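1. Build me a structure from this.
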Amino acid sequence: MLDVLIIAPHPDDAELGMGGAIVKLIAEGKKVGVLDLTSGEPTPHGSPDIRERETDAATQVLGLQWRKNLGLPNRSLEPSLENRAKIAGIVRQTKPRWLFAPYWIDAHPDHAAATKLVDDARFWAKLTKSDLPDAPHHPERIYNYFCVHLKMALQPAFVLDISMEWETKLASIRAYESQFITGRDGSFLDQLRDEASYWGKTIGVEYGEPFACREPIGMETLAGLV
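-> Model prediction:
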């Protein structure tokens, strides 16, 4: 049973998009899991074995309680009925209150397909009289993290303060050495820091992570506002 299930097209997307939020949620006592849909391979400096080791390392850094890989094909992820059923089955088995998926607009076809799959699987997971495993379950919300391949002027629904969690997020990203360190000059990690600093500045803190949501966000109190 999970409180939060993050669905990522590739290993490293969850860390890039919401690594700080993951650390914060776990520190608050939430049970957090990540479902990676593909291995993320092939890439210029990676391999399936390397990516698996890197993912295990990042998982340890973040302190995740649950992580699985669905083993779908990288670079050709499709929002098919078969894939929808697989994700819906995991949603029914893990019963999260919240789902997190990539932002729905992206140049990377795998990212757009992943978000479509999450939207559709959330609906299917609540259906009765189906051949899906376990009992029906309907997560309360889908929130969307930003890990996009477009130069966009983002308009998030909220920005989360990750000032205390930034260094742990950065360490989890560094775990993917084949993707973000090997063959790079370090400018990518500098860019990530600049982006986190920008979002932090928008809410008056050191570092932040932006999130979107297609549905209204309900609040019982204003106490959580920065």
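
2. what about I7, which SS state?
-> strand (DSSP: H, G, I helix; E, B strand; the rest coil).

3. In this structure it contacts G33, no?
-> No - shown here, I7 and G33 do not form a contact pair, counting by C-beta atoms under 8 Å, at 9.5 Å. The C-beta positions use only the backbone N, C-alpha and C, and glycine is treated the same way.

4. Per-residue pLDDT of E78, please?
-> E78 is assigned 97 on the pLDDT scale.

5. That one touches A112, doesn't it?
-> No - E78 is beyond contact range of A112, at 10.7 Å (criterion: C-beta under 8 Å).

6. So these two - more neighbours on which side?
-> Neighbour count, other C-beta atoms under 10 Å: between E78 and A112, A112 has more, with 19 against 15.

7. who touches the more buried one in this structure?
-> Applying C-beta atoms under 8 Å, 6 or more residues apart in numbering to A112 gives the contacts P102, W104, I105, D106.

8. I7 and G33: which is more packed in?
-> Taking other C-beta under 10 Å, I7 and G33 do not tie; I7 has more neighbours (26 against 21).

9. Tell me the span between the first and last residue of stretch 73-84.
-> The first and last residues of stretch 73-84 sit 14 Å apart, counting by C-alpha to C-alpha, to the nearest Å.

10. As a check, name the ranges of all helices in this structure.
-> 13-27, 48-62, 81-94, 109-125, 166-174, 177-180, 187-202 (DSSP state H).

11. and the fourth one, average pLDDT?
-> Helix 109-125 shows a mean pLDDT of 98.

12. The second one too?
-> Throughout helix 48-62, pLDDT has a mean value of 98.

13. Low-confidence stretches in this structure?
-> Low-confidence segments of the chain (pLDDT under 70): none present.

14. Now the residue nearest in space to the middle of the chain: closest residue in space that isn't a chain neighbour?
-> Centroid-nearest residue in the chain, with C-alpha atoms, centre = their mean: A14, separated by 3.3 Å. Leaving out its chain neighbours, the residue that sits closest to A14 by C-beta to C-beta, 6 or more residues apart in numbering is A8, at 4.2 Å.

15. swap in K68?
-> Leaving out its chain neighbours, the residue that sits closest to K68 by C-beta to C-beta, 6+ apart is L35, at 5.6 Å.

16. in terms of contact, does that neighbour touch L72 like I think?
-> No - checked against C-beta under 8 Å, the pair L35 and L72 is beyond contact range at 10.5 Å.

17. my guess is F158 contacts I217, does it?
-> Yes - using C-beta under 8 Å, F158 makes contact with I217 at a distance of 6.9 Å.

18. neighbour count winner among these two?
-> Applying other C-beta under 10 Å to F158 and I217 shows that F158 carries more neighbours, namely 16 against 10.

19. Quick check: bridge partners of that one?
-> Here F158 sits in beta bridges with F211, as judged by DSSP bridges.

20. and it, what does it touch?
-> Taking C-beta under 8 Å, 6+ apart, one finds P210, F211, C213, I217 in contact with F158.

21. Out of those, flag the one nearest to G63.
-> Nearest to G63, judged by C-beta to C-beta, of the contacts of F158 is F211 at 20.3 Å.

22. May I ask you to confirm that that closest one is in contact with Q155?
-> No - look at F211 against Q155 with C-beta under 8 Å: they stay out of range, at 11.2 Å.
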